[in-house]
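Novice: Below: sequence and its predicted model.
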Amino acid sequence: MNKNTDNINIRPSCGGKCWNIYTSAGWALENCRMGMQTDRGRSVALLKPKSHLGLLHTLHFKRLSDSALEIWQTLENLSGRQVLISEIETASGMLDLAGRGWMVMHSELFKAEKYFGGYSYFTGNLFAPLPGIEGEFGLSEDTPFPGIFFMHPERGTVLMATLTQARCKPAWKITAEGRNVRIAARDYFSGIPAIPLEAGEKFETERWLILTGPSSIPELIDAYYDLLRKRIDFPGRTSVLREEMVWGSWNLNVRPGGHGDIDEAYILANARALQKMHNKVRWIMIDDGYQRRQPRRPGRKGGFFSSHYMGVDIFDPALATPHAPSRFPKGMKSLAIDIQKIGMKPAIWCTPLVAADGPLVKRHPEWKMRISGRRQFLDPTTWLDYSVPEVRDYTRRAWDTIFNQWGYKGLKLDFWTYPFEIPDVQFHDRTRTAIEWRNEFLADIRANVPSGGFLLTCCTTNAGNPFLGRFADASRIGPDIGSGTWGAVQSAAMWVSAAALFYRGDCLLADADSIGWCPTLNENENRAWATTALMSAGMCEIGGDMAHLIPEAKHLLDDVNRCWRPALKSANEITGPLPFDLPSKRWRLERPDGCWQAQINWRDYPLQCALKSRSDFWSAKSISPATLLPKHSAVLIKSL
């Protein structure tokens, strides 16, 4: 087979009960099984099935192009009683890899989140040799990119991914069997022990994709998004966040009480300052800290969440007000009106997180999310079970209050993934999976977002899942920039470097987090973070006290306002398994008005410039390959 052609061939084996999938890249999956485990026994998917166990189990192939194959299964319950699906095997077989030098890439090879498993861990890489790597991928709780890549430096790249995420998310298990490698791909679900299929109903798995080509990983991701755009009307495509910048109250807040130290006067002072300063900053986003305080429980450890009600529990009718009246005496509705009178647009932070010992949970202990093995969420926090009808009604009223009664147009949704992504959760309602409840939760919020408004999802940060873009305009892709120290900048830049690879600016917008001025950093260092955030091809968020900027800070933010435009995609050094740096030092940004390139020196010593001779946007000075970049600095040029 010609290695320079894009092609996928499928052939039956084992009498039609297994399949061989061949690609022009020299990647093949042989004796591949596709089936489901039910309470009636194992069922095998066939192209032309006959009734077995009272089930009609059909395998579907659809060739989307010479280099793209779509695969899915349907299971029809022909019997008069319920059947339970406990496992969905999408493709399990032996990998046949032509030649040596194959690598595998998945976002979990860089970072994974496990709430009950030590939480975040990092490897500083995205690639692993094949053979040579074993493990399970796709179950990280940070909504990972729903695909796994197999690549060879000469033969090309293969992507195995899903085109839908209605009930399940994709998971892969790679194991070594001697010198051979077995891969088992499955539709993974959680929250319930089995998916029920009632009499006469038909169940459909997620739509899987095998995509191949001689292209780099970013180019294959482009092809993947081309297919998604035909199926999903992404809100990010026409989002106001493509044109309008957001100021948030959390990051770079140097007030004595820390990031959540906000009040009515501080918010309005920043709104007035921004209305005069930056024509692209249109949004005033009130972050965590406006909530009503609660009495401190004896013996409770400190921390911001230990002193106030957290999220949707502030809308409990048992509380006198949802907000802290001493800091917001006129209330949140009045503040939204005042922000609009100044000429800005109001947005606010909220979370489904609630206080475990608050009055809401004490009155309704049956609303609490259950976890297997008698585990508990970290004190003082918990989440509500969205499968409980009363919880859904209560939560929907919270969104109605924020958007329709208070009048906020944008929402920053924080700490929301845990009751849907942690595999240990157990829903009271056993009819729907965690992904189904997650999708309904997000759809309920989206239904309240007004025209011209936005939904920004945050922690746990999205590691590249485009299906959140069915509901959200943008997702955070890195940790809090917080106070903007150099350590925080480096950590955030590492996350952004890896996650930006999986985003496209006309689908789900990336949010790198706030650009601003950290007083402990010099001008070069503040520019380095601003460059990284701008090159991520997403929305633009800024932070800090706009009413009290020093001249250098104002100059930086004026430049950011002048530079930022809607973008299509960004690219950095992560194009394949060649050596690369994290954080990335070389970036390319594609925008409708042209291409931009950046080089960032993360080293503690000067570095030779690798860009062509141009004028640096930040300094307006000419640079060339002979230029030495000072430590912790950045240059930004527009390509001709």
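Specialist: Received the coordinates, thanks.
Novice: which strand is the longest one in this structure?
Specialist: Looking across the chain with DSSP state E, the single longest strand is strand 83-97.
Novice: Can you name the secondary structure element that comes next after it?
Specialist: Heading C-terminal from strand 83-97, the first helix or strand you meet, by DSSP states H and E, is strand 103-105.
Novice: which outside residues touch that next one?
Specialist: Here strand 103-105 makes contact (CB atoms under 8 Å, 6 or more residues apart in numbering) with 126-130, 133, 148-152, 174, 217, 576-577. Placement of C-beta: from N, CA and C, glycine included.
Novice: could you flag which of the residues you listed are buried?
Specialist: Neighbour-count burial (16 or more other CB atoms under 10 Å) is assigned, among those, to 126-128, 130, 133, 148-152, 174, 217, 576-577.
Novice: that older thread, so what does the longest strand of the chain touch, helix or strand wise?
Specialist: strand 18-23, strand 27-38, strand 68-77, strand 147-152, strand 180-188, strand 195-197 (3 or more CB pairs under 8 Å, 6 or more residues apart in numbering; DSSP states H and E).
Novice: Parallel or antiparallel, list what pairs with that strand.
Specialist: Applying DSSP bridges, strand 83-97 is found paired with strand 27-38 (antiparallel), strand 180-188 (antiparallel), strand 195-197 (antiparallel).
Novice: Which one of these lies nearest to Val391?
Specialist: When these are compared by CB to CB, strand 195-197 sits nearest Val391, at 20.9 Å.
Novice: can you give me how far stretch 539-546 is from the chain middle?
Specialist: 21 Å (CA atoms, centre = their mean, to the nearest Å).
Novice: The chain should start at 51 in everything you say after this.
Specialist: Will do, 51 is the new start, and the previous item becomes stretch 589-596.
Novice: least trustworthy helix or strand in the chain by mean pLDDT?
Specialist: Sorting the helices and strands of the chain by mean pLDDT, DSSP states H and E puts strand 171-172 at the bottom, at a mean of 75.
Novice: Walk me through which strands that strand pairs with, and which way each runs.
Specialist: Assessed with DSSP bridges, strand 171-172 is paired to strand 161-162 (antiparallel).
Novice: what residue lies at the spatial centre of the chain?
Specialist: The centre of the chain sits closest to Asn512, judged by CA atoms, centre = their mean, with a distance of 1.8 Å.
Novice: can you give me the end-to-end distance of stretch 475-483?
Specialist: Terminal residues of stretch 475-483 lie 10 Å apart, using CA to CA, to the nearest Å.
Novice: How far does stretch 546-564 sit from its chain's centre?
Specialist: Between the centre of stretch 546-564 and the centre of its chain there are 8 Å (CA atoms, centre = their mean).
Novice: still on that earlier bit, which pair of the buried ones among the contacts of strand 153-155 spans the longest distance?
Specialist: Across the buried ones among the contacts of strand 153-155, the longest distance by CB to CB is 19.1 Å; it joins Ile224 and Gly626.
Novice: from the contacts of strand 153-155, which is closest to Phe378?
Specialist: Leu176 (44.1 Å).
Novice: Might you report the residue contacts of the spatially closest residue to Arg480 that is not a sequence neighbour?
Specialist: The shortest distance from Arg480 to any non-neighbouring residue, by CB to CB, 6 or more residues apart in numbering, is to Ile242 (4.9 Å). Counting by CB under 8 Å, 6+ apart, Ile242 touches Gln476, Phe477, Arg480, Thr481, Arg482, Thr483, Ala484.
Novice: What about those, which one has the most neighbours?
Specialist: Neighbours here mean other CB atoms under 10 Å. Within the contacts of Ile242, the largest count is held by Ala484, at 25 neighbours.
Novice: So what touches stretch 316-324?
Specialist: By CB under 8 Å, 6+ apart, stretch 316-324 touches 297, 299, 305, 331, 334, 336, 385, 388-389, 392, 394, 595-597, 599.
Novice: let's see 7 Å
Specialist: For stretch 316-324, contacts defined as CB atoms under 7 Å, 6 or more residues apart in numbering pick out 297, 299, 331, 334, 336, 385, 388-389, 392, 394, 595-597.
Novice: So, low pLDDT: which residues of the stretch 151-300 of the chain?
Specialist: Across the stretch 151-300 of the chain, the ranges flagged by pLDDT under 70 are 168-169.
Novice: any idea how far the spatially closest residue to Ala75 that is not a sequence neighbour is from Met335?
Specialist: Of all residues not flanking Ala75 in the chain, Gly206 sits nearest, at 3.7 Å (CB to CB, 6+ apart). Separation of Gly206 from Met335 (CB to CB, to the nearest Å): 44 Å.
Novice: and what of Cys508?
Specialist: Here Cys508 is placed at a distance of 11 Å from Met335 (CB to CB).
Novice: Between these two, which contacts overlap?
Specialist: Common contacts of Cys508 and Met335 (CB under 7 Å, 6+ apart): Lys462.
Novice: Next, count neighbours for Pro99.
Specialist: Neighbours of Pro99 under the rule other CB under 10 Å: 17.
Novice: now the helices for the stretch 401-550 of the chain?
Specialist: Using DSSP state H, counting those that start in this stretch, the helices of the stretch 401-550 of the chain run over residues 409-413, 439-450, 468-471, 484-496, 536-549.
Novice: Quick check: Leu145 touching Val231?
Specialist: Yes: counting by CB atoms under 7 Å, Val231 is a contact partner of Leu145 at 4.5 Å.
Novice: For the nearest residue to Arg305 once chain neighbours are set aside, give me its contacts.
Specialist: Using CB to CB, 6+ apart and skipping the chain neighbours, the partner closest in space to Arg305 is Asp311 (4.0 Å). By CB under 7 Å, 6+ apart, Asp311 lies in contact with Asn303, Arg305, Gly339.
Novice: In ChimeraX, select just the buried ones from these.
Specialist: Listed next is the ChimeraX selection for buried residues among the contacts of Asp311, using 16+ other CB under 10 Å:
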select :303,339
